[in-house]
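*Asks:* Here is my input; please provide its structure:
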Amino acid sequence: MPNIKSAIKRVRINEQKSAQNIAVKSAMRTAVKKFETAVDQNEETAKDLFKVAIKHLDKAATKGLIHKNTANRQKARLAKKLSKATA
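*Replies:* As a prediction, the model looks like this:
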């Protein structure tokens, strides 16, 4: 544990931000998995879950948790799954 007041605050802030980042990334993964299971089971809610998954991927990319191109690649793959399931 640091002795300097600003360093102590920095440690505390880093822990808070880390927890927030973990929550956002976890929500993103959960949204993607829910969409994929809905597509596999041919549920009608797949389109709604697709929109939610896209929103979470964009949010993670905006916050810098995943790279912008990674988010775009994942969104393209999800869109491909959705179109294949609805066709």
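
*Asks:* Quick check: closest non-adjacent residue to residue 72.
*Replies:* Nearest residue to residue 72, sequence neighbours excluded (CB to CB, 6 or more residues apart in numbering): residue 61, at 8.0 Å. Yep, even glycine has a C-beta here, placed from its N, CA and C like the rest.

*Asks:* Please apply the same query to residue 63.
*Replies:* Computed as CB to CB, 6+ apart, the closest residue to residue 63 that is not its neighbour in sequence is residue 24, at 6.1 Å.

*Asks:* so who does that neighbour touch?
*Replies:* Going by CB atoms under 8 Å, 6 or more residues apart in numbering, residue 24 touches 56, 59-60, 63, 65.

*Asks:* Residue 58 too?
*Replies:* Counting by CB under 8 Å, 6+ apart, residue 58 touches 71, 75.

*Asks:* Could you rerun that using 7 Å?
*Replies:* By CB atoms under 7 Å, 6 or more residues apart in numbering, residue 58 lies in contact with residue 71.

*Asks:* Equivalent analysis for the one 10 residues further on, please.
*Replies:* When contacts are counted by CB under 7 Å, 6+ apart, residue 68 is found next to residue 61.

*Asks:* picking that back up, which SS class is the residue nearest to residue 63?
*Replies:* Under the three-state scheme (DSSP: H, G, I helix; E, B strand; the rest coil), residue 24 adopts helix.

*Asks:* if I look at it, how far off is residue 59?
*Replies:* Going from residue 24 to residue 59 by CB to CB, to the nearest Å gives 6 Å.

*Asks:* same thing with residue 85?
*Replies:* Counting by CB to CB - residue 85 and residue 59 are separated by 24 Å.

*Asks:* same thing with residue 36?
*Replies:* Applying CB to CB to residue 36 and residue 59 gives a distance of 18 Å.

*Asks:* Also residue 16?
*Replies:* 18 Å.

*Asks:* Which one of these two is surrounded by more residues?
*Replies:* The neighbour count for residue 16 versus residue 59, taken as other CB atoms under 10 Å, is higher for residue 59 (17 against 10).

*Asks:* Give the helix, strand or coil label for the more buried one.
*Replies:* Residue 59 is classified as helix under three-state DSSP.
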